[in-house]
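Asker: When you get a sec, could you give me coordinates for this:
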Amino acid sequence: MKRISKTAGLMGLVGIAVLSSASAASQDGFWYIGGNVGQSRAKIDDARITAQLLAAGRTPISIVNDERNTAFKLLGGYQFNKNFAVEGGYFNLGQFGYAATTAPAGTLNGTIKLQGLNLDLVGLWPMTEKFSALGRVGMNYAQAKDTFTSTGAVATPTTPNPSKNALNYKAGLGLQYDFSHALGMRVEAERYRIDDAVGRKGDIDMYSVGLVYRFDARKPAPVEKVVRSEPVVVVVTTPAPPPEKIYVMVPPKKVVFSADAGTDALFGFGKSEVQPTGKRALDKFVDELKGAKYEVITITGHTDRIGSSAANMKLSTRRAEAVRNYLVTSAGVPADKVVAKGMGETQPMTKPSECIGNKATNKLVTCLAPDRRVEVEVDATRSTK
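Answerer: Numbers count the residues shown, from 1 in each chain. Predicted coordinates:
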């Protein structure tokens, strides 16, 4: 125990040096304590036991192993930030043993008890607000105490109670769940490299669950000192808000444009491309609606009865779409407020008795000019400011 106490002091000094330097560099760190309990597992070397008995002239009949035991650890540490901590503590891996029966009749029993101190570097990887994965690597200073007894034909070993203290590595993985800023739970799997007292090294695994309690994990904000003084009246002048715009309804406006007749004709005869005279007429129409907030603009194309109904329907639709595109791209009218459609020859303005015939003579074309038109109907509101 004297040697393990000296080593504990050395490991403690190393840990304090690391913690002190890191603490000076970090303002977000905190101390914590905790403990785990679980099961330890060892692997008894039956082959070596058999060889030793055979060398002594004894034949093993059976070997019964006790390779599992209860284990626990107590820990304390300092976490510098969300990803790094240094942790040290005491561990007790329990007791393991075997019972061998031989011929000639006899028994050999052996046990080993393991405990010690550890110092680990711990890395944490937050996966969610509450869950973190953790990994550790470090060193352990373990004390192994063996006890050997025998009966019958098996001779008692020369050293029935050997012991050994040795420094080795350890490593582990785990998960941590935080119930609160101060309290968390860990599930861990760790491996301790151990020197037994009879010249052999082996691994002891520990599977455990435990709790950690963090001190000052989230520091409260400093309390500001309130100094009483005479009240000061401050007059703040703010500019008056701009007057709110008020919109009033504008009566629906309907304008009829000649498709291909007159000085303001939108298109050439039989065409659907807006010509310069048509652009001027449409620009004038948009100027008259400046300041208006459009609700909906409906554009309807019409043709006369000359030609097939299908061709007339297509021509009227193309002309309505052409006017719509011009208002949107050139006059800045919102596209989602404009609807275009074609009616073909279905809604003439002339009467059959006024324009007689179906053959495309100059006289009939001129007579049917009112039927070839584009109607634009606007529903809008206008600002009074």
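Asker: Could you chop the protein up by domain?
Answerer: 2-215, 247-383 (automatic domain parsing).
Asker: Can I get those domains in TSV including distance to residue 239?
Answerer: Where you see a C-beta, it was placed from the backbone N, CA and C, and this is true even at glycine. Formatted as TSV, the domains of the chain follow (distance: least, Cβ to Cβ, whole Å):
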stretch	distance to residue 239
domain 2-215	44
domain 247-383	21
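Asker: mind checking how far the residue nearest to residue 297 when sequence neighbours are not counted is from residue 273?
Answerer: Excluding the flanking residues, the one nearest residue 297 by Cβ to Cβ, 6 or more residues apart in numbering is residue 338, at 4.7 Å. Here the criterion is Cβ to Cβ, to the nearest Å. By it, residue 338 lies 18 Å from residue 273.
Asker: and those two? which has more neighbours close in?
Answerer: More crowded of residue 338 and residue 273, by other Cβ atoms under 10 Å: residue 338, with 20 against 11.
Asker: who's in contact with that one?
Answerer: By Cβ atoms under 8 Å, 6 or more residues apart in numbering, the residues touching residue 338 are 296, 297, 299, 324, 327, 328.
Asker: looking at this structure, which helix or strand does the model trust least?
Answerer: The helix or strand of the chain with the poorest confidence is helix 2-25; it has a mean of 48 (mean pLDDT, DSSP states H and E).
Asker: where's the helix or strand following that helix relative to the chain centroid, distance-wise?
Answerer: Per DSSP states H and E, the first helix or strand lying C-terminal to helix 2-25 is strand 30-41. Relative to the mean C-alpha coordinate of its chain, strand 30-41 is positioned 30 Å out (Cα atoms, centre = their mean, to the nearest Å).
Asker: Beyond strand 30-41, next helix or strand please.
Answerer: helix 46-55.
Asker: Show me which positions of that following helix end up buried.
Answerer: 49, 50, 52, 53 (16 or more other Cβ atoms under 10 Å).
Asker: hey, where'd the strands end up in the stretch 201-350 of the chain?
Answerer: In the stretch 201-350 of the chain, the strands defined using DSSP state E, counting those that start in this stretch lie at 201-215, 247-258, 292-302, 338-342.
Asker: Please tabulate those in CSV, including the columns mean pLDDT and distance to residue 351.
Answerer: Shown next, in CSV, are the strands of the stretch 201-350 of the chain (pLDDT from 0 to 100; distance: least, Cβ to Cβ, whole Å):
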stretch, mean pLDDT, distance to residue 351
strand 201-215, 95, 95
strand 247-258, 74, 17
strand 292-302, 86, 15
strand 338-342, 92, 22
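Asker: Any idea which of the ones you listed gets closest to residue 368?
Answerer: Evaluated over those, closeness to residue 368 peaks at strand 292-302, with 10.7 Å, by Cβ to Cβ.
Asker: Next, the angle from the closest one to strand 338-342.
Answerer: 10 degrees (axes from the mean of the first three to the mean of the last three Cα atoms, to 10 degrees).
Asker: strand partners of strand 292-302, parallel vs antiparallel please.
Answerer: Strand 292-302 has its sheet partners listed here by DSSP bridges as strand 338-342 (parallel), strand 373-383 (antiparallel).
Asker: Identify all contacting residues around that strand.
Answerer: Identification of contacts with strand 292-302 by Cβ under 8 Å, 6+ apart yields 247, 250, 259, 315-320, 323-324, 327, 333-334, 337-345, 347-348, 371-383.
Asker: For PyMOL, what selects the buried ones among those residues?
Answerer: One line in PyMOL is enough to select the buried members of those, burial here meaning 16+ other Cβ under 10 Å:
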select buried, resi 250+259+315+316+317+318+319+320+323+324+327+333+337+338+340+342+343+344+345+348+371+372+373+374+375+376+378+379+380
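Asker: Thank you, goodbye.
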